[in-house]
Structure formats: C-alpha cells, structure tokens
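Visitor: Could you work out the structure for the sequence below:
(one chain, ligands or ions: 1)
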Amino acid sequence: MRKTILDFQKMVENKEKITFLTAYEYLTAKYEERAGIDMILVGDSLGMVCLGYDKTFPVTMDEMISHSKAVRRGAPNTYVVGDMPYMSYQISDEEAIKNAGRFIQEADCDCVKLEVAGPGTVKRIKAIVDAGIPVMGHVGLTPQFAGMLGGYKAQGKSAAAAEKILNLAKSVEEAGASSILVEGVPAIVGKLIKENLSIPVLGIGAGSYVDGQLLIYADMLGFYDDFTPKFVKKYAEIGKQMQGAFEEYVKEVREGVFPEDGVHAYKISDEEAEKIKKDFNLK
Ligand code: KIV
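Guide: The predicted model follows:
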C-alpha cells in the first residue's frame with residue numbers, strides 16, 4: 001500500500017525512521033519498492049547520475065516528467081516525490097503551480113520538492129500548496145542555489161548560519177509544506193531543525209537526529225563514482241561488479257566462448273538442422 005503524509009506523521013510520532021532513496025527509472029524503482037523503501041525521490045540529480053552533466057541546471061521539466069513516469073511504473077505502491085528542476089518554479093507562482101501540477105497529473109507523483117533559498121521561494125511553496133499540491137521544502141545545501149552559497153559546501157557551520165537555516169525551515173513549515181528535506185549540515189543543525197518543526201524532517205548529510213534518511217541510490221550502491229560526498233555509506237560496489245561483468249563478456253565474445261550454442265541459443269530438431277545443412281550446403 002502506498003503510504004501517505006499521514007503515515008509519515010504517524011511514523012514520526014512513533015519514532016520510526018523514514019527510509020528515502022532516489023530513483024530515476026523503472027528497474028531501480030522496482031527493486032527499491034521490493035526492498036520496502038518508504039519514499040522515492042526522482043531527484044534532479046538525474047542530470048548527473050543518468051544524463052552525464054556535471055550539475056543539475058540543464059535538467060528540464062520534460063526529462064523530469066519522463067523519468068518520474070518510469071519510476072511510477074516501477075514502484076506503483078510507493079510514495080514518489082518529483083523534484084522541481086531549475087527554473088521550473090523560480091519565475092512565477094503560475095509557472096510553479098503549472099509545473100508542480102504536471103508531476104501530479106502526468107507522472108502520478110504524490111508530492112513535489114523544491115529548493116528554498118529565501119522569501120521568494122517560500123512564497124512558491126505557499127502558491128503550490130494553495131493549489132492543493134503537497135510540497136516538500138529543501139533547505140541547507142541547495143544545489144540550484146550553489147552560486148549564491150559560494151559552491152557545493154556544507155551549510156550551517158556557525159551558530160549564526162544555523163539560525164538562518166532554522167528560520168528558513170520554520171518559514172517552509174508556515175508556508176504549508178508537508179515535509180522538509182535538510183541537506184549538507186552538521187548533525188547538531190539537523191537536530192535543531194527536527195526539534196523546532198512539527199512536519200517530518202528528512203535529511204541527506206544532516207546527521208542521525210532527523211526523522212528519515214535520503215541517499216542518492218547510485219552513491220550508496222557504489223555506482224556513481226565521479227564524486228562521493230563525505231556522508232555517503234556504500235552498501236555495494238555495483239560499478240566495479242558491472243565493469244567486471246562487461247570485461248568478461250567482451251573477452252568471451254572475442255574468444256568465441258559466448259554464446260554456447262547448446263546453452264544460449266534456440267533449439268531445433270536434429271532432423272530440421274540436417275535438412276538446413278543439406279538444403280543450403282552448410283558445413
Ligand atoms: O536531486 C536530488 O537528488 C536531490 C538530493 C540531492 C537532495 O535534490
């Protein structure tokens with residue numbers, strides 16, 4: 001059964017941790033659902049993980065919708081969060097509502113996430129929520145605002161900076177967000193936000209005190225190796241395993257070891273095989 005925001009609120013009350021991973025396509029989503037994940041984020045990290053960009057800015061709404069649809073096909077019973085890409089909500093309330101609505105209407109997402117930098121983006125949360133669409137606010141290290149933050153750096157590393165993030169998080173809750181994601185802050189700042197908000201607080205690189213944990217699936221599988229953030233724990237070395245399998249395949253095809261006709265080919269009766277040989281003069 002697909003969980004709802006009420007289930008997540010109950011999990012928080014019961015001190016049960018919420019599990020959250022990214023996915024960008026059908027197969028990964030299918031395995032995550034089979035593993036019992038609570039939430040899936042179709043993140044704009046799609047740009048790096050699947051499309052080979054070095055940042056998220058080039059990702060378009062159409063790409064996000066197409067990948068969100070594939071994730072929904074793989075995980076029909078899981079709460080799916082669609083990530084609003086760069087410039088899909090910054091321009092106006094109208095654009096923000098229209099694009100948020102596409103995630104719900106076209107891709108059957110349960111919620112949209114948007115990065116929050118200040119009052120302008122908080123206002124967008126209110127507009128989307130007023131249109132009846134659940135929103136997860138994203139604060140702390142917000143990659144779409146990396147230029148304003150001075151790069152992709154941990155945030156909230158002084159008391160003053162922590163207070164700024166806390167105030168922003170509070171305004172996200174006041175604007176009507178049903179959950180919040182905190183990225184790239186010290187654990188104590190994750191705790192500060194958790195203890196001052198009443199909506200579920202998810203974290204990625206925000207320590208253990210928050211209500212749930214998100215990781216980018218390709219980081220935790222050891223699949224994406226261009227860069228691995230400090231907070232990632234690798235649960236597998238899928239990239240190495242894939243490369244090993246590809247190398248073995250290349251070797252076996254070159255050496256004529258694969259395929260074995262008795263094993264990896266369609267069968268035909270000896271009688272018909274003989275007839276083909278004879279009729280077409282095959283050796
Ligand atoms: O796009 C994404 O995967 C994200 C996470 C890094 C928080 O926004």
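
Visitor: hmm, who's touching the lowest-mean-pLDDT helix or strand in the chain?
Guide: The weakest-scoring helix or strand in the chain, judged by mean pLDDT, DSSP states H and E, is helix 146-149 (a mean of 92). The set of residues external to helix 146-149 that reach it, using Cβ atoms under 8 Å, 6 or more residues apart in numbering, is 55, 117, 141-142, 152, 155. No exception for glycine: its C-beta is placed from N, CA and C like everyone else's.

Visitor: Would you mark the buried spots in it?
Guide: Buried residues in helix 146-149, defined by neighbour count with 16 or more other Cβ atoms under 10 Å: L149.

Visitor: ok, back up a step: scan the contacts of helix 146-149 and report the most crowded one.
Guide: Highest neighbour count within these, by other Cβ atoms under 10 Å: L141, with 24 neighbours.

Visitor: these two touch, right, it and Y152?
Guide: Yes - with contact defined as Cβ atoms under 8 Å, L141 reaches Y152; the gap is 6.7 Å.

Visitor: Which residue does this protein have closest to the ligand?
Guide: G43 (2.2 Å; Cβ to the nearest ligand atom).

Visitor: dump the residue contacts of that residue.
Guide: Residues 22, 24, 83, 113, 216 are the ones in contact with G43 under the rule Cβ under 8 Å, 6+ apart.

Visitor: could you redo the last one with a cut-off of 6 Å?
Guide: Neighbouring residues of G43 by Cβ atoms under 6 Å, 6 or more residues apart in numbering: 22, 83.

Visitor: now swap in the one 10 residues further on and tell me
Guide: For Y53, the contact set (Cβ under 6 Å, 6+ apart) comprises G47.

Visitor: is it fair to say T56 lies in a helix?
Guide: No - going by DSSP: H, G, I helix; E, B strand; the rest coil, the assignment for T56 is coil, not a helix.

Visitor: As PDB, could you dump the C-alpha coordinates of the least confident helix or strand of the chain?
Guide: The C-alpha trace of helix 146-149 is given here as PDB (Å, rounded to 0.1, in the frame of the first residue of the first chain):
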ATOM      1  CA  ALA A 146      25.100  26.900  -5.300                       C
ATOM      2  CA  GLY A 147      26.200  30.200  -6.900                       C
ATOM      3  CA  MET A 148      24.600  32.100  -4.100                       C
ATOM      4  CA  LEU A 149      26.100  29.700  -1.400                       C
END
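
Visitor: Of all the residues in the helix or strand following it, which ones are buried?
Guide: Where DSSP states H and E defines the elements, the next helix or strand beyond helix 146-149 is helix 159-174. Neighbour-count burial for helix 159-174, counted by 16+ other Cβ under 10 Å, picks out 162, 165-166, 168-169, 171-173.

Visitor: got CSV for the residues you listed, with pLDDT and distance to G262 too?
Guide: Converted to CSV, those look like this (pLDDT from 0 to 100; distance: Cβ to Cβ, whole Å):
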residue, pLDDT, distance to G262
A162, 98, 67
I165, 98, 64
L166, 98, 67
L168, 98, 65
A169, 98, 63
S171, 98, 68
V172, 98, 63
E173, 98, 65
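
Visitor: my guess is M64 contacts M84, does it?
Guide: No - when contacts are counted by Cβ atoms under 6 Å, M64 is not listed as touching M84 (7.7 Å).

Visitor: Would you mind finding the longest helix in this protein?
Guide: Scanning the chain for the helix with the most residues, using DSSP state H, yields helix 238-255.

Visitor: So which bits of that helix are buried?
Guide: I238.

Visitor: avg pLDDT for it?
Guide: The average of the pLDDT scores along helix 238-255 is 98.

Visitor: Same question for stretch 270-283.
Guide: Confidence for stretch 270-283, expressed as mean pLDDT, is 95.

Visitor: Would you mind extracting the C-alpha trace of that stretch into PDB?
Guide: Coordinates of the C-alpha atoms in stretch 270-283 are reproduced here as PDB (Å, rounded to 0.1, in the frame of the first residue of the first chain):
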ATOM      1  CA  ASP A 270      18.300 -32.700 -35.400                       C
ATOM      2  CA  GLU A 271      16.200 -33.600 -38.400                       C
ATOM      3  CA  GLU A 272      15.400 -30.000 -39.300                       C
ATOM      4  CA  ALA A 273      19.100 -29.000 -38.600                       C
ATOM      5  CA  GLU A 274      20.300 -31.700 -41.000                       C
ATOM      6  CA  LYS A 275      17.800 -30.500 -43.600                       C
ATOM      7  CA  ILE A 276      19.000 -26.900 -43.400                       C
ATOM      8  CA  LYS A 277      22.600 -28.100 -43.700                       C
ATOM      9  CA  LYS A 278      21.800 -30.200 -46.800                       C
ATOM     10  CA  ASP A 279      19.400 -27.700 -48.500                       C
ATOM     11  CA  PHE A 280      21.800 -24.700 -48.100                       C
ATOM     12  CA  ASN A 281      25.100 -26.600 -48.300                       C
ATOM     13  CA  LEU A 282      26.200 -25.600 -44.800                       C
ATOM     14  CA  LYS A 283      29.300 -27.300 -43.300                       C
END
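
Visitor: Good, wrapping up.
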